[in-house]
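Chemist: only geometry, no sequence info:
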């Protein structure tokens with residue numbers, strides 16, 4: 001098993017895929033209460049930005065960079081590009097602030113026939129009983145597991161609308177990265193479909209469930 005890696009999900013679609021905005025983070029795997037700078041990529045010209053953070057819906061107007069001391073847990077951050085009082089584009093981003101595990105998803109929309117979704121799982125605290133990644137298949141897509149590769153000890157499987165893989169050669173020590181690659185195809189128009197994933201780990205006999213952070217939409 002490789003001790004460093006990357007989970008890559010390739011989503012292949014027919015037709016043209018729009019680029020749109022995205023959010024990047026200065027620290028993709030933040031610890032609780034650490035300050036992170038979030039930046040807008042691919043924004044339309046001549047816009048200002050309205051950021052909405054967390055469950056309380058606090059809204060802040062600022063430029064293309066936004067700094068936030070992220071509290072513990074999983075939070076959704078949204079940014080809207082505003083022109084003449086109207087939102088012309090929107091991006092959403094899941095922020096996972098946890099001292100035990102980190103997971104980040106990015107979406108590459110540069111190719112007209114596909115959107116490349118990349119997930120990286122990072123271990124911060126020793127995992128004693130295994131680690132599983134569950135990634136939901138967006139509506140309108142179908143998985144193609146013939147291209148699936150990775151460093152997990154489980155072959156990716158489609159189970160109840162999810163793709164599931166895992167790492168069971170424990171312990172998994174701090175600094176371990178896991179990765180997986182697979183493809184999703186669609187002959188429909190799957191724009192703006194939500195992405196969602198879950199990590200399930202066992203640490204000293206405790207079951208831990210954490211949402212995958214990063215980009216939450218494929219276009």
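Modeler: Everything's here; your move. Values in this document were obtained by computation on a predicted structure and should not be read as measured data. Residues are numbered from 1 along each chain as shown.
Chemist: once you drop chain neighbours, what's closest to the most centrally placed residue in the chain?
Modeler: The structure's the chain has its C-alpha centroid closest to residue 105; by Cα atoms, centre = their mean the separation is 2.4 Å. Nearest residue to residue 105, sequence neighbours excluded (Cβ to Cβ, 6 or more residues apart in numbering): residue 214, at 3.3 Å. (C-beta placed from N, C-alpha, C; glycine too.)
Chemist: next up, the contacts around the residue nearest to the centre of the chain.
Modeler: Contact partners of residue 105, counting by Cβ atoms under 8 Å, 6 or more residues apart in numbering, are 9, 94, 117-119, 195, 197, 212-216.
Chemist: the residue nearest to residue 105: neighbouring residues, count only.
Modeler: Number of residues near residue 214 (other Cβ atoms under 10 Å) recorded here: 25.
Chemist: helices and strands of this structure: which one bottoms out on pLDDT?
Modeler: Of all helical and strand segments in the chain, the minimum by mean pLDDT, DSSP states H and E falls on strand 7-13, at a mean of 31.
Chemist: ok, then the element right after that strand?
Modeler: strand 22-25 (DSSP states H and E).
Chemist: from the contacts of residue 105, which is closest to residue 177?
Modeler: Top of the list for closeness to residue 177, among those and by Cβ to Cβ, is residue 119 at 10.8 Å.
Chemist: pretty sure the closest one sits against residue 104.
Modeler: Yes - Residue 119 is within contact range of residue 104, at 6.8 Å (criterion: Cβ atoms under 8 Å).
Chemist: do you know how far the residue located most distally from the centre of the chain is from residue 48?
Modeler: What lies farthest from the middle of the chain is residue 84; by Cα atoms, centre = their mean that is 31.0 Å. Distance from residue 84 to residue 48, counting by Cβ to Cβ, to the nearest Å: 10 Å.
Chemist: kindly tell me how buried the residue nearest to residue 63 when sequence neighbours are not counted is, as a neighbour count.
Modeler: Leaving aside its sequence neighbours, residue 63 sits nearest to residue 49 (Cβ to Cβ, 6+ apart; 6.3 Å). Neighbour count for residue 49, taken as other Cβ under 10 Å: 19.
Chemist: okay, and residue 49 sits in which element?
Modeler: Short version: residue 49 belongs to strand 48-53, going by DSSP H and E.
Chemist: sorry, back to before: shared neighbours of residue 119 and residue 104, anything?
Modeler: With Cβ under 8 Å, 6+ apart, residue 119 and residue 104 have common neighbours 212, 214.
Chemist: residue 177 bridge partners, please.
Modeler: Beta bridges link residue 177 to residue 122 when assigned by DSSP bridges.
Chemist: is it in contact with residue 119, as I believe?
Modeler: No - if you go by Cβ under 8 Å, residue 177 and residue 119 don't touch, sitting 10.8 Å apart.
Chemist: the two: who's more crowded?
Modeler: residue 119 (24 against 17).
Chemist: pLDDT score for that one?
Modeler: Here, the pLDDT recorded for residue 119 equals 79.
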